[in-house]
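**Student:** Task: produce atomic coordinates for the following.
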Amino acid sequence: MPPSLEDRMLAETICSAVSAAGLGIAAITAYRKRFLAAARITAYSLVPLGLVLTGAVEWAVDTAFSPTAWVGFGLLGGAWLLFMTTRAVERRSLGARKESPAVESGASKPSLGAGSPAAGGQRKPAKGTKPAKSAKPAKSRAADDGDDFSDIEAILKKHGI
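**Tutor:** The predicted model follows:
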């Protein structure tokens, strides 16, 4: 059932009343010598009246009471939800790929052959590459903390604290 003339008239009357009330508040604000605020209130008050005069209110009333329009909004919402879900899944799967050891070592697919770490063997280097040297043992955490505190102690002594 299409919206009736009364629905449009009611919406236009409400918009006009809101504009008139806003202009009244703007006049009181200007009387109190707050001209910047009064100008801002006037701008906000003229928006509903402008919407009525351009026909946007009539379009909104037609849309609000149209079942076809609501089905369209539902489809748009579903499409947006589907799009956002696929983006989230894509980001999560990319994050999982970055954390996997196969990607870090440069292998495209992890294999479970005899030389793979998952099978218990050691990974063989590719042809033409040298095997990786063993890493030097890292400093202990206590040594690092001691270095940090010695710097702080030096700064405090410098300032006489």
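**Student:** Cys15 is in contact with Val52, correct?
**Tutor:** Yes: using CB atoms under 8 Å, Val52 makes contact with Cys15 at a distance of 4.8 Å. Where you see a C-beta, it was placed from the backbone N, CA and C, and this is true even at glycine.
**Student:** residues in contact with Arg40?
**Tutor:** With contact set as CB atoms under 8 Å, 6 or more residues apart in numbering, Arg40 has no partners.
**Student:** quick one: what helix or strand has it in it?
**Tutor:** Element membership of Arg40, judged by DSSP states H and E, is helix 35-54.
**Student:** list the buried ones in that helix?
**Tutor:** Ala38, Ile41, Thr42, Ser45, Pro48, Leu49, Leu51, Val52 (16 or more other CB atoms under 10 Å).
**Student:** show me where the chain has helices.
**Tutor:** For the chain, the helices defined by DSSP state H occupy 5-31, 35-54, 56-64, 67-99, 101-105, 141-158.
**Student:** List the buried residues for the first one?
**Tutor:** Same thing as helix 5-31. Those buried within helix 5-31 under the rule 16+ other CB under 10 Å are Arg8, Ala11, Glu12, Cys15, Ser19, Gly22, Ile25, Ala26, Thr29, Ala30.
**Student:** who does it touch, helix- and strand-wise?
**Tutor:** Applying 3 or more CB pairs under 8 Å, 6 or more residues apart in numbering; DSSP states H and E, one finds that helix 5-31 makes contact with helix 35-54, helix 56-64.
**Student:** Pull the number of nearby residues for the residue nearest to Ala69 when sequence neighbours are not counted.
**Tutor:** Excluding its sequence neighbours, the residue lying closest to Ala69 (CB to CB, 6 or more residues apart in numbering) is Thr63, at 4.5 Å. Neighbours of Thr63 under the rule other CB atoms under 10 Å: 14.
**Student:** my guess is Thr63 meets Val71, correct?
**Tutor:** No: with contact defined as CB under 8 Å, Thr63 does not reach Val71; the gap is 11.7 Å.
**Student:** Check the helices of the chain for me: which has the lowest mean pLDDT.
**Tutor:** Ranked by mean pLDDT, those bottom out at helix 101-105, with a mean of 55.
**Student:** I'd like the helices and strands packed on helix 5-31 laid out as a markdown table, including distance to Glu90.
**Tutor:** Listed next are those as a markdown table, based on distance: least, CB to CB, whole Å:
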| stretch | distance to Glu90 |
| --- | --- |
| helix 35-54 | 40 |
| helix 56-64 | 34 |
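**Student:** All good on my end, thank you.
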